[in-house]
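build me a structure from this.
(chains A, B, C and D)
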Number of protein chains: 2
Amino acid sequence: MTSAELEIPEATGRSEIKVSVADDAHRKLRTKILQGEILPGHKLKFEILQQEMSVSASSLREALTRLVSDGFVTSEPRRGFSVAPVSIEELKDISRLRTILEPLALRDAIEHGDDAWEAQILATYHRFSKIDSLQGDAPGIRDEQWSHWHQAFHEALVAACPSKKTMQFRAVLFEQSERYRAISAARRKQSRKKSDEHRNLMEAVLSHDADQAEKLMVKHIELTSNSLIEILQAAQVQEQKAV
Amino acid sequence: MTSAELEIPEATGRSEIKVSVADDAHRKLRTKILQGEILPGHKLKFEILQQEMSVSASSLREALTRLVSDGFVTSEPRRGFSVAPVSIEELKDISRLRTILEPLALRDAIEHGDDAWEAQILATYHRFSKIDSLQGDAPGIRDEQWSHWHQAFHEALVAACPSKKTMQFRAVLFEQSERYRAISAARRKQSRKKSDEHRNLMEAVLSHDADQAEKLMVKHIELTSNSLIEILQAAQVQEQKAV
DNA sequence: ATCAATATTTTTTTCGAAAATTTTGACAAC
DNA sequence: GTTGTCAAAATTTTCGAAAAAAATATTGAT
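Reported below is the predicted structural model:
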């Protein structure tokens, strides 16, 4: 509950906490897939990845099987691993479940949240809105920062929800959506303006208006989802033309 | 969709399909933990497990990290793995979320289900009720069978739900509950009679009465949960006396 | 030229041992 | 009696190479 939770974990030196090599590989790959740096369907070959992150085959395998559990990678037994495919159907599924679980967590948070929770929401919103209002500098870095604080803001909103499982599932779905956003971001012309959505959402939450907060959250998820679906549909048409 | 799905996977020889060694170890351990054969908090040592299932350290580690993802095992980096602890708080959390997700899946299933779906429900109920009405023979084996067909029946009820993620999450929660049930089963004097609950549930589903089905499902989850909580509470009191 | 059979190469999977780390136990000092 | 230090033992983690399997190339017969 300290301010340490606000720091970017990647930025602060990773030298203090010693975790397993496989854990490291898992996180690195996860980030790359999440940010759309490695595209859906891409074959993940041992030799290349081993060199790239200097780990042994066994540890790499451990990392890959964990990514399968995460839903970011698929495995064909004895034929290796690939980045999980994306589909409009799956995105719709993810989004629909998000419209159930996010409001559930949000209502819990509003009910149980204390002053520290409210302060954290304000703080993360501040950081997020600064980046959100910025015009595109170096697009790659900006998107990474935007994504980080966007996630932090949404996390802060529901942080006071006492249900571990709800929090866990909503986090899984959030990250899945985030991959779709990152993949689409590479293809989009201009991003949807949603600064208002986030501010309104924050205000509803901070005024403990659960009904309004739920309404805005559902709307936010649906608008985002529809926007991504459009981009993916356009991309599919492009692919079909190419064939 | 064939009748093959009704077979007990463990019973039919495992010789045909060749999966990875780690996968095998993962499933074996998973089953043991799920059935309460290895108790919460128990340290999972490499040497012993390696011997027990004749597998190398790396493959075993892969299996264990997957069990961590599954939520059945916890890991303290560089201090090994243990069977995840249980708590009344967690059981309540799991059950509450089940009262959200099971009805969600059930409504979807009722809306989308076809004749094959209905037939499957009838078939699994038949198998389940036979075992359920039986008086305890060899308790260990009976419980295993009961658990298998109980799970198969609940799975069949929602099988027609088209949402992959909903199905995935509800399956995770079902298995988590099942571990609590198995652990409690070892301590209980006599099990709660719930044959009626299952039959009524089936009848509501087959008559496409979504509201009634939802009501019965929620009730079923809550009654089961409360019954398990009681047993766990009694066990806790016992432990405190012992100290 | 086509196909099947076989050899070669590439890639994944598994192991067993070495390295790193934590735990235990003995002994000494306060 | 407690605390601290150090070596020994136990345990986990990691690697690199061997084994197994799959993909690809080659050959030879029709």
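
sort out which residues of the longest helix seen in chain A are buried, please.
Across chain A, the longest stretch assigned as helix under DSSP state H is helix A:210-242. Neighbour-count burial for helix A:210-242 flags A:210, A:213-214, A:216-218, A:220-221, A:224-225, A:227-229, A:231-232, A:235 (criterion: 16 or more other C-beta atoms under 10 Å in any protein chain shown). Heads up, the C-betas are built off the backbone N, CA and C, glycines and all.

can you check stretch A:32-48 too?
A:33-36, A:38, A:40, A:44.

give me the subset of these lying in helices.
Those of those lying in helices (DSSP H): A:33-34.

closest one of the buried residues of stretch A:32-48 to DNA strand D?
residue A:44 (14.4 Å; C-beta to the nearest atom of the strand).

what about dumping the CA coordinates of stretch A:232-243 to PDB?
Extracted in PDB, the C-alpha atoms of stretch A:232-243 (Å, rounded to 0.1, in the frame of the first residue of the first chain):
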ATOM      1  CA  LEU A 232      -9.000  -6.000 -36.600                       C
ATOM      2  CA  GLN A 233     -11.800  -6.300 -39.200                       C
ATOM      3  CA  ALA A 234     -10.000  -3.800 -41.500                       C
ATOM      4  CA  ALA A 235      -6.800  -5.700 -41.100                       C
ATOM      5  CA  GLN A 236      -8.500  -9.000 -42.000                       C
ATOM      6  CA  VAL A 237      -9.900  -7.400 -45.200                       C
ATOM      7  CA  GLN A 238      -6.300  -6.300 -46.000                       C
ATOM      8  CA  GLU A 239      -5.000  -9.800 -45.600                       C
ATOM      9  CA  GLN A 240      -7.700 -11.300 -47.800                       C
ATOM     10  CA  LYS A 241      -6.800  -8.800 -50.600                       C
ATOM     11  CA  ALA A 242      -3.200  -9.800 -50.300                       C
ATOM     12  CA  VAL A 243      -4.200 -13.400 -51.100                       C
END
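
quick one: mean pLDDT over it.
If you average the pLDDT over stretch A:232-243, you get 81.

the strands in chain A, which residues?
A:43-44, A:73-75, A:81-83 (DSSP state E).

which of those sits most buried?
Each of those was scored by mean neighbour count; the highest is strand A:81-83, a mean of 21, by mean count of other C-beta atoms under 10 Å in any protein chain shown.

other residues contacting it?
A:33, A:38-44, A:64, A:67-68, A:72-76 (C-beta atoms under 8 Å, 6 or more residues apart in numbering or on different chains).

ok, it: who's next to it in the sheet?
strand A:43-44 (antiparallel), strand A:73-75 (antiparallel) (DSSP bridges).

any chance of the ones you listed in TSV, plus distance to DNA strand C?
Formatted as TSV, those follow (distance: least, C-beta to the nearest atom of the strand, whole Å):
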stretch	distance to DNA strand C
strand A:43-44	6
strand A:73-75	7
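
would TSV of these with distance to residue A:99 and mean pLDDT be doable?
Below are the strands paired with strand A:81-83 laid out as TSV (distance: least, C-beta to C-beta, whole Å; pLDDT from 0 to 100):
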stretch	distance to residue A:99	mean pLDDT
strand A:43-44	32	98
strand A:73-75	26	98
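
which among these is found nearest to residue A:185?
strand A:73-75 (20.7 Å; C-beta to C-beta).

for chain A, what lies in contact range of DNA strand D?
A:20-22, A:54-59, A:78-79 (C-beta under 7 Å from any atom of the strand).

neighbour-wise, which of those residues leads?
residue A:22 (23 neighbours; other C-beta atoms under 10 Å in any protein chain shown).

if I look at it, how far off is residue A:198?
36 Å (C-beta to C-beta, to the nearest Å).

sorry, back to before: out of the strands paired with strand A:81-83, nearest to residue B:178?
strand A:73-75 (25.5 Å).

could I get the full set of helices for chain A?
A:21-34, A:46-53, A:57-70, A:88-112, A:115-133, A:139-158, A:164-187, A:195-206, A:210-242.

for residue B:100, find the nearest of these.
helix A:88-112 (6.7 Å).

and the closest one, what does it pack onto?
helix A:139-158, helix A:164-187, helix A:195-206, helix A:210-242, helix B:88-112, helix B:164-185 (3 or more C-beta pairs under 8 Å, 6 or more residues apart in numbering or on different chains; DSSP states H and E).

nearest to residue B:141, of these?
With C-beta to C-beta, the closest approach to residue B:141 among the helices and strands packed on helix A:88-112 belongs to helix B:164-185: 13.1 Å.

just want the angle from that closest one to helix B:88-112.
On the basis of axes from the mean of the first three to the mean of the last three C-alpha atoms, to 10 degrees, helix B:164-185 is oriented at 130 degrees to helix B:88-112.

quick check, the residue in chain A closest to DNA strand C?
Counting by C-beta to the nearest atom of the strand, chain A gets nearest DNA strand C through residue A:80, at 3.0 Å.

which phi and psi does that residue have?
Here is the backbone geometry of residue A:80 (degrees, to the nearest 10): phi 90, psi -170.

what's near enough to touch it?
The neighbourhood of residue A:80, defined by C-beta under 8 Å, 6+ apart, consists of A:43-46.

residues from chain A in reach of chain B?
For chain A, the contact set with chain B under C-beta under 8 Å from any C-beta of the partner chain comprises A:18-20, A:22-23, A:58-59, A:61-62, A:65-66, A:69-70, A:77-78, A:90, A:93-94, A:96-97, A:100, A:104, A:163-166, A:169, A:173.

any chance of a ChimeraX selection covering the buried ones in those?
This is the ChimeraX syntax for the buried subset of the residues of chain A next to chain B, where burial follows 16+ other C-beta under 10 Å:
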select /A:20,22,23,58,59,61,62,65,66,70,90,93,94,96,97,100,104,163,165,166,169,173
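
in contact with the closest residue to residue A:58 other than its chain neighbours, which residues are there?
With sequence-adjacent residues excluded and distances taken as C-beta to C-beta, 6 or more residues apart in numbering or on different chains, residue A:58 is closest to residue B:58, at 3.6 Å. Going by C-beta under 8 Å, 6+ apart, residue B:58 touches A:58-59, A:61-62.

since that was my last question, I'll sign off now.
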